[in-house]
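A.B. asks: I would like to see how this sequence folds:
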Amino acid sequence: MEIAKVTSKGQVTIPLMIRNLLRIKTGDKIFFEEDDGKIYITNASLVTLTAVQNEMKGEAEKAGFESEDDVVAYIKELRSNK
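C.D. replies: Just a heads-up that it's a prediction; the model follows:
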């Protein structure tokens, strides 16, 4: 458990241990979510990555990709056609 003090401007320093756990670096954005009276904080880039992964779930199979090698080959093909 960690404790932080709120400044007069509403600012809080996120304890180092928490920043390390969330992989938060200087300049990163953080995401606040309320659920049943509890507030959760997450590294916003991880929230975005998870959202993109959920949106893309199953798309590789629909496109006929069976392996990571298929995806890499497709990207190389796209890049060579430019």
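A.B. asks: for the helix or strand of the chain with the lowest mean pLDDT, packing partners?
C.D. replies: The weakest-scoring helix or strand in the chain, judged by mean pLDDT, DSSP states H and E, is helix 44-56 (a mean of 77). Contacting helix 44-56 under the criterion 3 or more C-beta pairs under 8 Å, 6 or more residues apart in numbering; DSSP states H and E are the following elements: strand 30-35. Quick note: C-beta positions are derived from backbone N, CA and C, even for glycine.
A.B. asks: ok, the strand it packs on: who's next to it in the sheet?
C.D. replies: Within its sheet, strand 30-35 is paired with strand 38-43 (antiparallel), according to DSSP bridges.
A.B. asks: what's the least confident helix or strand of the chain in contact with?
C.D. replies: For helix 44-56, the external contacting residues (C-beta atoms under 8 Å, 6 or more residues apart in numbering) are 22-23, 28-31.
A.B. asks: secondary structure element for the nearest residue to Ile18 once chain neighbours are set aside?
C.D. replies: Leaving aside its chain neighbours, Ile18 sits nearest to Glu2 (5.7 Å; criterion: C-beta to C-beta, 6 or more residues apart in numbering). If you go by DSSP states H and E, Glu2 is not part of any helix or strand.
A.B. asks: when you give positions from now on, start the count at 559
C.D. replies: Will do, 559 is the new start, and the previous item becomes Glu560.
A.B. asks: what about Glu560, neighbour count?
C.D. replies: Using other C-beta atoms under 10 Å, Glu560 has 9 neighbouring residues.
A.B. asks: wait, Ala562 sits on Leu574?
C.D. replies: No. Assessed by C-beta atoms under 8 Å, Ala562 is found out of contact with Leu574, at 10.8 Å.
A.B. asks: cheers, nothing more for now.
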